[in-house]
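**Student:** Need a 3D model of the sequence below.
(chains A and B)
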Amino acid sequence: EAEVAQSPRYKITEKSQAVAFWCDPISGHATLYWYRQILGQGPELLVQFQDESVVDDSQLPKDRFSAERLKGVDSTLKIQPAELGDSAMYLCASSFGRVQETQYFGPGTRLLVL
Amino acid sequence: AQRVTQPEKLLSVFKGAPVELKCNYSYSGSPELFWYVQYSRQRLQLLLRHISRESIKGFTADLNKGETSFHLKKPFAQEEDSAMYYCALVIQGAQKLVFGQGTRLTINP
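**Tutor:** A predicted model of the protein is given here:
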């Protein structure tokens, strides 16, 4: 069964360093989502792509975060510079089309900023 | 404000007992609601959606617009139901999903 892939699974970095996360959605899924999940809270949408276009990035801290999905397939989320408060689980999900459809989640990348 | 509230962070019940996980929402439009579940060491996955009106793994959820609730219920809990449960609401205009804070359900033997 096809799954969403994410790497790395864990990342430890020092504040002010740059980090990057990668996501490969299920083949054929047009919509890709990046969520941040702080311990004890639910996932919060950072950015949503429809193919290669950004649909929503209203909660993305654009001074330090960037996301791209250049060919409308896999995606990269970058943080530069990382801050202590960025420590969280970063989840990628994909769906075939609209947000009402089932979202399939990756295993996540756990980031720890020291 | 458009939000989802799950008032219980933790819920513990005995095997065979009924389970109800509470979810309340605040939304001005016509709500579309989901329950997602994360079992230990597994990915977050869809459990059920209100428009399907189906029972998954014995769980059901009824949308109550008057009480703005979408509680998840199961008449007889099983140990394998232990997991983290998230209620989620579609924000139609923004076309995005908003999650509640989650409830950790523990089924005691």
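
**Student:** Tell me the residue of chain B that sits nearest chain A?
**Tutor:** B:F99 (3.3 Å; CB to the nearest CB). Using the backbone N, CA and C atoms, a C-beta is placed for each residue, glycine as well.

**Student:** Just list the residues touching that residue, thanks.
**Tutor:** B:F99 makes contacts with A:G42, A:P43, A:E44, B:V4, B:Y36, B:Y86, B:C87, B:A88, as judged by CB atoms under 8 Å, 6 or more residues apart in numbering or on different chains.

**Student:** got a list of what the residue of chain A found nearest chain B touches?
**Tutor:** Residue nearest to chain B within chain A: A:G42 (3.3 Å; CB to the nearest CB). Residues near A:G42 by CB under 8 Å, 6+ apart: B:V4, B:Y86, B:A88, B:F99, B:G100, B:Q101, B:G102.

**Student:** Please list only the buried members of the contacts of B:F99.
**Tutor:** For these, a neighbour count by 16 or more other CB atoms under 10 Å in any protein chain shown gives the buried set as A:G42, A:P43, B:V4, B:Y36, B:Y86, B:C87, B:A88.

**Student:** Please, which helix or strand holds the fourth one?
**Tutor:** Counting by DSSP states H and E, the secondary-structure element that holds B:Y36 is strand B:33-38.

**Student:** for chain B, what are the nearby residues on chain A?
**Tutor:** A:3-4, A:33, A:40-45, A:48, A:55-56, A:58, A:91, A:93, A:98-100, A:102-108 (CB under 8 Å from any CB of the partner chain).

**Student:** Which strands or helices does the helix or strand bottoming out on mean pLDDT in chain A pack on?
**Tutor:** Counting by mean pLDDT, DSSP states H and E, chain A has its least confident helix or strand at strand A:53-56, which shows a mean of 93. The contact analysis (3 or more CB pairs under 8 Å, 6 or more residues apart in numbering or on different chains; DSSP states H and E) places strand A:53-56 against strand A:44-50.

**Student:** And the strand it packs on, what does it pack against?
**Tutor:** strand A:31-37, strand A:53-56, strand A:65-68, strand A:75-79, strand B:96-99.

**Student:** Model confidence for the closest residue to B:P18 other than its chain neighbours, exactly?
**Tutor:** Excluding the flanking residues, the one nearest B:P18 by CB to CB, 6 or more residues apart in numbering or on different chains is B:P75, at 5.4 Å. At B:P75, the model reports a pLDDT of 97.

**Student:** Kind regards, and thank you for your time.
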